[in-house]
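Asker: any chance you could fold what I've pasted below:
(one chain, ligands or ions: 1)
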Amino acid sequence: MSDLRSLYQEIILDHNKNPRNFGVLDDANRVIEGYNPLCGDRYTIYLKLEDDVIQEIKFSGVGCAISKASASVMTTVLKGKTVPEAEAWFEKFHALVTHPSGEDADGASLGKLAAFAGVSEFPARVKCATLAWHSLKGALRSSATSVSTE
Ligand code: ZN
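Answerer: So this is what the prediction gives:
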């Protein structure tokens, strides 16, 4: 288990240091800002949605390691997914970080997202880990242009 934990820590550190899909997406057709006032995490999520498929996804902004790594992993997971698939991933990730039993979840199907299972032990960090996801959900529903964890 300790090997697994250090692997998970490595994933988070790596994505924090070298965030994937980081930057402005010029031809985005959905843009949403997310803010977590408890920690000061603030990100913008850019989506290019076509025929209900996430063709492109990028993010920009600043925040703590957990929030940035979570946004980065999220973009790698969701690129190319349909809207219903993305919403299913949201539910999976949300369950993982909010239920203490989340660690028993099917780690294999979660891939790198499983790295965030430990967050459920730190309620204050759950909002960091889910900020990008809540923003994404708002963007998929199109009406919102900003979300806050408060
Ligand atoms: Zn944070």
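Asker: so after the lowest-mean-pLDDT helix or strand in the chain, what's the next helix or strand?
Answerer: Taking mean pLDDT, DSSP states H and E as the measure, the chain has helix 107-110 as its least confident helix or strand, at a mean of 69. On the C-terminal side of helix 107-110, the closest following helix or strand by DSSP states H and E is helix 123-140.
Asker: quick check: residues of this structure near the ion?
Answerer: Proximity of the chain to the ion (Cβ under 5 Å from the ion) is limited to residues 39, 41, 64, 67, 128. In short, each C-beta sits where N, CA and C put it, glycine included.
Asker: just for the chain, where's the confidence low?
Answerer: Regions of the chain meeting the criterion pLDDT under 70 cover residues 1-2, 100-108, 142-144.
Asker: strands of that one, residue ranges please.
Answerer: Defined through DSSP state E, the strands belonging to the chain, from first to last, are 30-36, 41-50, 53-62, 146-148.
Asker: let's have those strands in a markdown table, adding mean neighbour count.
Answerer: As requested, these are exported to a markdown table (neighbours: other Cβ atoms under 10 Å):
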| stretch | mean neighbour count |
| --- | --- |
| strand 30-36 | 21 |
| strand 41-50 | 21 |
| strand 53-62 | 19 |
| strand 146-148 | 15 |
